[in-house]
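**Q** Predicted model and sequence follow; I will ask about them next.
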Amino acid sequence: MDIYNNHKRLFGVAIILFIVLTMFAAILPALNSQNNNAPLPGSHALNADEVAGKGIFIREGCIACHTQQVRNVDMDKMWGTRPSIAADYARNIRTDIWRNTANLMGSERTGPDLMNIGNRQPSQDWHLLHLYNPRSVVEQSIMPAYSWLFEVKDYPYPGDIVLHVPDQFRKGVTGQIVATREALQLVAYLKSFKQYKLPDGKPTPIFLYGKTLSKAEPAGTTSKLNTELDGAALYAANCQSCHQENGEGLKGAFPPLKGSSIVLDKDPKVQLTVIMKGYNGRASEGYGIMPAVGTNNNLKPEEILAIINHERSSWGNNSRKITLTEIKELFNQIKSGPIAK
Amino acid sequence: MKKSLLLLLSLILATPLFAQGAETNSGIWTNPGVLITITLILLPLLVAVYLVAVKVNHIATRIKNSKTRNDASQLAQSLQKLNLEEMSDDLAKRKQAIEFELNNSELAGEILPADKKGLLHNIAEVNSPRFLASKKKAVKRPDIDPSLTRLILWYIGTATFWLVLGTSVGEYLGIKFVAPDVDHVSWLSFGRLRPVHTNMVFWGWSSLAMIGLGYYVVSTVSNTVVASLKRGWYALYLINASVVLGSISLMAGINNGGGEYREYIWPIMLLFAIGIIITLINYLQTVARRKTKEIYISNWYIIAATMFTIVIALVGYLPFWQNGLGESIAQGYYMHQGVGMWFMLFNLGLIYYFLPQQLNTPIYSYSLGILAFWTQILFYTLIGTHHFIFSAIPWWLQTTAIIGSMGMLVPVFAGTTNFLMTFRGNFNKIGSSYTLPFYLVGIIFYFTGSFQGTAEAFRSANLYWHFTDFTTAHSHITMYGIIAFMLWAFIYTLVPRLTGKEPRQGWVGAHFWMALIGLLFYSIPLMIGGTLKGMAWMEGKPFIDSVVLMAPYWLWRAIGGSLMWASHLIFAYNLYYMITSHEEIDLQKAVFEELNKLPANTSNQ
C-alpha cells in the first residue's frame, strides 16, 4: 500500500488518529469537567495563610504519599462521610504563572487520605507535633520529620507556639521548640480540608462494594463475633494518635485516659459527651482542645460502645462495662439535647 | 538458571512466612530466643541421627563383606575343577579385546583439513580453564562515521550517568521506608527526592539512551546518513540541562504541582520539549532522505513516539483545561501516555531493528508489527484515566479506560508473539551470547508487565491494589524490566559495533544476574505486601496496621534495590570498558604491522 511507502501520509495518519483520540479521551472531558463545575455552598475560598500553606504542601511533595479522594468504595468510608465529587475540587485552580494546578488526588496512599483531615483531626497541637516528628505521636509512622518548619529559641516571644515534644525526640535540642510561620500556615491549610454536605436535592453518591452480611446464619442466633466490635481497632483508628496505644497520652499535649476520672466514672454520660461534642476543660493545664471525634468521624453507637468499653478495661482501668441500650439512650439525648458539661 | 529459580522459590516461600509471623504478632517464630533454642535442640538430635546412620552403615558393610567372602570361596572351588588349556586360550582372547584401540583416523582420514570456501568465522580457542562459559564475539560491521559514533556515545554516556545517579537516589528513598529518621535535611526529604528519582531515570537515563540509539537505527534502516549531527548535539545539551536544572529545582522545593512525571516547572520542561522537537525534525528529515522505498517498521514506531510525545507534553503543560478535575484528567492522560507512547513505543521501534540483527534472522511477521502499531495507538490513548478508578472523574471515562486497557492485550500479544517467534529456532544462541539474555528478559517482562497493567485496571482488582505498593512494583517491572533491560540489550549490541571493543563477559553476566535477581527481590515482595495491604484496608483495619504490615516487604525492596543499584555500577564500568582506549593487541593487525616492517615488503610498496 502506498501509505507504507510515503512518510508524509503514514506519519500524518498516525498523528491525526492520536490527536483525535486525545481530544476524545483527555482534552474534551477535561474541558467539560472544568467548565461545568462550581464550589459547594458552605465551602470557602482559601485565606492568605491557607494559600501559603498550600504552597508548602506542594513544595514538600506531600502528594507522593497522601491522596485526597474518598473513592466510592466501602473501604474508603474511613476517610470521609461521602464519596468525593467533582465540586470538591472546584476551588483548585492554577497556582501561578510558573506552576500548574496542583495535583491533589494523588496515586499512592503510603500515608492516610487527607480529603477530610480538617474534620478528622482538627487539633493544631497534634499536627504541629506530628510535623516536627511524626513518631512522637504515632510510634510506627514512617513519615519524614519536617523539623525545618520549626526553630529553637531560648526565650520564645509571647505569641510563639511552643511545642511540648517528648524528651526522646528532642535529643540535642537545648531551648524551646517553636513553630515557624510556615508550619502554622501548613497546618492551617491541612485544617481547611473538609468535606461539605451536598445541597438539598442533590443525590449523594453511594459507597460500592459494601460488606455483604453473612446470610447463611440461621435466624435468631446472632453470633457474638459479629455484634461485638473490636474496640482496640476502633480506638487505634480514632483515638490512638493523640491518647497513644498505652492510654497515657503525651505530656503537655494530650491527657492520659489511664486512670482518668471521666473514663472511670460509672456513669458514661460525660465520657460519651466528650467523644461526641469535644472538650476544652483541661486547656488551662496545657492540654489541647479535644475535637468532636465521634461526630466528625460519624461513629455509630455500637462503635462508640466498643471504644468506651475498651478504654474502661485497658491499661489497668477497671470500670463498669456499659451496655448498648444505655449508650443508645444517652446517644439520642446528647444528639438532640444541650451539652451536659 | 536452576539456581536463580531456586532462589526465587525460596523467596516466595519465605516472605509469606515472615509476614505471617509479623502479622499475627505471636512472635514465636520470629523471636530470636526461640529460634536459638530450637537450633540448640536440633543440634544434638542431628548428631544422634548421624551416629545411628554410621552404626547402621557399619552393620550393613559387615553383612556385605561376609557375603563376598562366601562367594569368593565358592568361585575358587569351581576354578580348581576347570581345564587349564581351555582357560588360557580364553584369557589370551580377552587380553587382546581389552587392549584394542582406535588409531584416530578412521573417520577423518589422513588428509589435513582446509576451509576452501571461507565458511569459518569467530573461531574460539580455549587456552585457559573455563571458569565462565565464553560467549560469542560481536560480529564485525561496516565502519560507522566516527562523528556519529561520538554523538551516540555521548548520549549513552550521559544516560548512564543519570542511571547511576538516579538509582542512587531511588536506593536512598527505599532506605527511607525502613529508616525514616536517617536524615532531617529538607533537600533530601522523601517528598522532594521522589520526583528527582523518577524524572531523572525517565528523562535522563531512558530518554537519552533511546534517542542516542535512535540515531543509529533511524539512519541505518533508511540506508542513509543522519540529516544533521549538529542538531543531535543541541538536543543532547538541552535535555541534559533540563535534567540538571529540574533535579536541583525539585530538591529546592520548586515543582510544578505534584502531578507525577510533570514535576519540572514548564520553563525547565520546555528545554526538554525543544530537545524532542529538534530530534523529531532530524529523524523525519533522515527518513525523508531514505534510499529504500519502504519505511522500515522501526521508524514507524520511533517517529510516532517522538511526534506523540510533543502532543503529550502540550496536553500536560498547557493551562486551558486544567482547573478543578480537568487537572486530574490531563494528569492521567499525561503520565500514562508518557510511559506507553514515549518509552514503550520508542523501545518497540528499537527492538524491531536490534532483535533480528542480533539473532541474524528476519522478523517473524511484519504484519503483526503493523497490527500492533495501529492497535497500540487506538487503545493506549484511551487508558489514562485508569489511574483514577472510583474517583470523582466521570464513570464513563473510567469505563472507557478499562476497556482500552483490555484492548491493549491485542498489541501486547501481537508484539510478544512476533518477538518470541523471531526467537524460535534460535533459542540455542542464548547460551552463547551475552546480549540475548537481556532481550529475552525484556520480552518476557513486556508480556507480564503489560498484562499486569490490564489486570490492575479491572475494577475488582483495582479495589485491592490501587494506592498500594503493588503499583510501585508494577512501574518497576515495566520501566525497569522492559525498558531498562531492552536498552541494555541494545547498548551491549551497538557499542562494540561503534568502538570495536567488547565488554568483559564476566562483568556483563554479573550485571545481568544482579539486575534480574534484584528486580525480582524488589517487585515480588512489594506485590505480596501490596495485596495484603489492600486486604487489610478492605477489612477496615486501622491504617497504621497496614504500615506496620509492610515493614518486612519494604526491607526486601531495599535489598533488591541494592542489588539493582550495584548492577548499574557494573554496567557503567562495562560501558567505560567498551569506550576507552585500553587497546588489546589485535593479532591480525599486529602481523600486518610486523610484515610492513620487513625490508622485502616496504620495497614492494
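**A** Looks like it came in fine.
**Q** what's the distance between A:Glu251 and A:Met143?
**A** Slight slip there: residue A:251 is Lys, not Glu. Distance check for A:Lys251 against A:Met143: by Cβ to Cβ, to the nearest Å, it reads 22 Å. For glycine as for every other residue, the C-beta is placed from the backbone atoms N, C-alpha and C.
**Q** Neighbour count for those two, which is higher?
**A** Applying other Cβ atoms under 10 Å in any protein chain shown to A:Lys251 and A:Met143 shows that A:Met143 carries more neighbours, namely 21 against 14.
**Q** Setting aside sequence neighbours, what's the nearest residue to the more buried one?
**A** Distances taken as Cβ to Cβ, 6 or more residues apart in numbering or on different chains put A:Pro134 closest to A:Met143, at 4.1 Å, once the chain neighbours are dropped.
**Q** For the one you found, give me its contacts.
**A** Shown in contact with A:Pro134 (Cβ atoms under 8 Å, 6 or more residues apart in numbering or on different chains): A:Ser141, A:Ile142, A:Met143, A:Pro144, A:Ala145, B:Pro180.
**Q** show me the contacts for B:Asn299.
**A** B:Val217, B:Val218, B:Val221, B:Ser222, B:Tyr283, B:Val287, B:Gly349.
**Q** Secondary structure element holding it?
**A** Assigned by DSSP states H and E, B:Asn299 falls within helix B:297-317.
**Q** Flag every buried residue along that helix.
**A** Judged by neighbour count using 16 or more other Cβ atoms under 10 Å in any protein chain shown, the buried positions of helix B:297-317 are B:297-313, B:315-317.
**Q** How about the secondary structure of the residue nearest to A:Gly286 when sequence neighbours are not counted?
**A** The shortest distance from A:Gly286 to any non-neighbouring residue, by Cβ to Cβ, 6+ apart, is to A:Gly252 (5.2 Å). Three states are possible here, and by DSSP: H, G, I helix; E, B strand; the rest coil the one that applies to A:Gly252 is coil.
**Q** Please state the offset of the helix or strand hosting B:Val56 from the chain centre?
**A** B:Val56 belongs to helix B:32-80 when elements are defined using DSSP H and E. In this view, helix B:32-80 has its centroid 50 Å away from the chain centroid, taken as Cα atoms, centre = their mean, to the nearest Å.
**Q** following it, which helix or strand comes up?
**A** Next along from helix B:32-80, by DSSP H and E: helix B:84-98.
**Q** Helices along the stretch 51-200 of chain A, start to end?
**A** A:117-120, A:124-132, A:181-191 (DSSP state H, counting those that start in this stretch).
**Q** I'd like to know which of these lies nearest to A:His310.
**A** helix A:117-120 (19.3 Å; Cβ to Cβ).
**Q** For the closest residue to chain A within chain B, list the residues it contacts.
**A** As assessed by Cβ to the nearest Cβ, chain A sits closest to B:Gly191 within chain B, at 2.7 Å. Neighbouring residues of B:Gly191 by Cβ under 8 Å, 6+ apart: A:Glu60, A:Gly61, A:Cys62, A:Ile63, A:Ala64, A:Cys65, A:Pro144.
**Q** Just flag the most distant two among the contacts of B:Asn299.
**A** Spatially, the most separated pair among the contacts of B:Asn299 is B:Ser222 and B:Gly349, at 12.7 Å (Cβ to Cβ).
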